[in-house]
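>>> Provide a 3D model corresponding to the input given below.
(chains A and B)
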Amino acid sequence: MAQEKMLTGCSAAAQALKLAEVEVICSYPIRPYTAIMMELSKMVANGELDAEFVHGEGEHAQLSVVLGASACGARAVTGSAGVGVTYAFELYSPVAGGRYPLQMTIADRTLDPPGDFGSEHTDAMSTRDQGWILGWASTPQEVFDNTLMGYRIGEDPRIMLPQMTCQDGYFISHIPDKVKLADLKQVKEFLPPYSAPHPISTTCPVSHGPQIRPDQGAPMDAQRAATFLDLPKVIKEATEDYNRIFGRNYDPFLEKYKLEDAEIAFFIQGAHSNTCRTAVDTLRKQGLKAGMARPRWVRPWPTREIAEALGHVKAVGSIETSTSYGGAMRGGNLIHELRASLYDLDERPLTTSFMAGLGGETIWPEDFEFMAKVLSQMVREKRAQKYVYWIGFEE
Amino acid sequence: MSKKLPEFGTINVPHERAVPFGAVTPAPVHVQELFMTSNWRIVRPVIDNEKCTRCLTCYIACPDSCWSYNEEEDVMEWNAGFCKGCQICIKQCPSDALTAVPELDFPDGVVRLEKPF
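You can find the predicted model right below:
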């Protein structure tokens, strides 16, 4: 039987990576993700995990090492946080374009300046157009599960894409919660060994990463985009298999909490959704029909699922945990794609956004009450007064 | 949802335009025919075989391995498909056997081609 343990998000990620039998690990320290590498290095040193553990001299090197490892046919992992994620930026597109299904495990941290180490999603969100599979967990359990699901989805021969599995720094990475682990037998059933289609080898030499011509750029982009059209189907299959083998109950794309009869809804990803669920319960006790939708993946974006789940709601507020300075709504990132997903509906909900959970701030139950008041007012007035509300800075 | 929502559709890249998966190709033994990259060249090195001593300095100096030695004919051969016209070989040649000549001076100059290759 699979064990249940109290684990932080970082430990949960390390345990899942051990069960995935990763073969190459490349580390460079930056808190809060570092704890994942500390645990992995201990496992390698103790002989519990048979993997090459490489110290990169920075995040750019980390990504380069795992790119090479993946090209050789190894299941590879690296990770980072905050400015470490952005230091590696050059490598994101080549890793995805070269179709290397390695995994990057992220514990979010605010970007500089200044050197705030609290959680905020802007670090990994800023990579969302680089062709990676990108998603957020909301508990240490989901970190464990997404790590295994990430490899299964990314290594699928129809997909072959890298995955960024994210967790909020501190809120998930450093707060222990009950995690149901898995048996190696279950993992073997779920996750077949990685098979690179054209591994670097001396007996059958191949060229990786050559220069292509400008007229080859467009078809290559189109081929990459076409893979993202197939991706939802593969995510769905993988999630269903995962639920069956490990006894979980994940929706592949969107957690829907009390949405069936909801009049107002919060749209939120990551750790703060836990407070949000409690806030929804409290609001319902007060007679307000509230609900919550939580995207599990940002890439691919669950366009259709959002339209189906939120189409009937009267007002939706997206709670941004990342910044998009000067963006269409002058707030965060999620609102743009949330509104775009709802636009084609005959009757669409009113929308607004709330800047909250930035720089490592907690989103308190009172904050959700404030947001619910704004959403209720929108329903009453049949209009949104503002595109964005900065929580903590409103009258 | 009363109205039918738009579809994502499909993206079809015709076979003749498709790029190898991840741009991974069989390793070239001599020349990678699939990815010719010299179409931004402005000048090309032209060799004077009388001056050339076959010292192979150009072969060593070229960052793209565009010079090779043809043993049978005892001449240096230049690869038009990859030479970017960087002129390192010209600068390095100890016997001044190489000259930079503008692409416009050649009927097959890359600036004259409608399609690069």
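>>> which bits of chain B sit near chain A?
Taking C-beta under 8 Å from any C-beta of the partner chain as the contact definition, chain B meets chain A at B:1-3, B:5-6, B:8-13, B:17-19, B:21-28, B:32, B:34-37, B:39, B:115-116. C-beta here means a position set from N, CA and C on the backbone, and glycine is covered the same way.
>>> just the buried subset of the residues you listed, please.
B:5, B:13, B:19, B:22-25, B:32, B:34-37, B:39 (16 or more other C-beta atoms under 10 Å in any protein chain shown).
>>> quick one, phi/psi of residue A:4?
Dihedral pair for residue A:4: phi -120, psi 130, per degrees, to the nearest 10.
>>> neighbours of it, just the number please.
By other C-beta atoms under 10 Å in any protein chain shown, the residues close to residue A:4 number 11.
>>> need the contact list for it.
Applying C-beta atoms under 8 Å, 6 or more residues apart in numbering or on different chains to residue A:4 gives the contacts A:178, A:179, A:180, A:181.
>>> repeat that for residue A:173.
Counting by C-beta under 8 Å, 6+ apart, residue A:173 has contacts A:8, A:9, A:10, A:32, A:33, A:35, A:107, A:119, A:167.
>>> now do the phi/psi pair for residue A:6.
phi -80, psi 110.
>>> where exactly do the helices run in the stretch 201-350 of chain A?
A:214-246, A:273-285, A:303-310, A:334-342 (DSSP state H, counting those that start in this stretch).
>>> if we can go back for a sec, which two from the buried ones among the residues of chain B next to chain A end up farthest apart in space?
Farthest apart among those by C-beta to C-beta are B:5 and B:32. That separation is 44.6 Å.
>>> which residues of the chain score low on pLDDT?
Unless you meant another one, I'm taking chain A. Applying pLDDT under 70 to chain A picks out residues A:1.
>>> hmm, I had chain B in mind actually
Using pLDDT under 70, chain B drops low at B:1-2, B:28-30, B:114-117.
>>> if we go to 50?
For chain B, applying pLDDT under 50 flags no range at all.
>>> helices of that one, start to end?
Under the criterion DSSP state H, chain B contains helices at B:57-61, B:88-92.
>>> from the centroid of chain B, which residue is nearest?
In chain B, the residue lying closest to the centroid (C-alpha atoms, centre = their mean) is residue B:82, at 1.4 Å.
>>> picking that back up, and the contacts of residue A:173 as CSV, adding secondary structure, neighbour count and distance to chain B?
Supplementary listing: the contacts of residue A:173 in CSV, determined by DSSP: H, G, I helix; E, B strand; the rest coil; neighbours: other C-beta atoms under 10 Å in any protein chain shown; distance: C-beta to the nearest C-beta, whole Å:
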residue, secondary structure, neighbour count, distance to chain B
A:8, coil, 24, 35
A:9, helix, 35, 31
A:10, helix, 29, 31
A:32, coil, 27, 33
A:33, coil, 31, 27
A:35, helix, 19, 33
A:107, strand, 32, 29
A:119, coil, 31, 33
A:167, strand, 35, 29
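>>> near chain B, which residues of the stretch 251-395 of chain A? Just list them.
A:303, A:304, A:307, A:308, A:311, A:344, A:345, A:346.
>>> compare these and tell me which is most surrounded.
Result: residue A:303 is most packed of these (other C-beta under 10 Å), 19 neighbours.
>>> from what I can see that one touches residue A:342, true?
No: the criterion here is C-beta atoms under 8 Å, and residue A:303 misses it with residue A:342 at 9.4 Å.
>>> in contact with the residue nearest to the centre of chain B, which residues?
Counting by C-beta under 8 Å, 6+ apart, residue B:82 makes contact with B:31, B:36, B:37, B:38, B:64, B:65, B:66.
>>> out of the residues you listed, who's nearest residue A:99?
Distance to residue A:99 across the contacts of residue B:82 (C-beta to C-beta) is lowest for residue B:37, with 21.0 Å.
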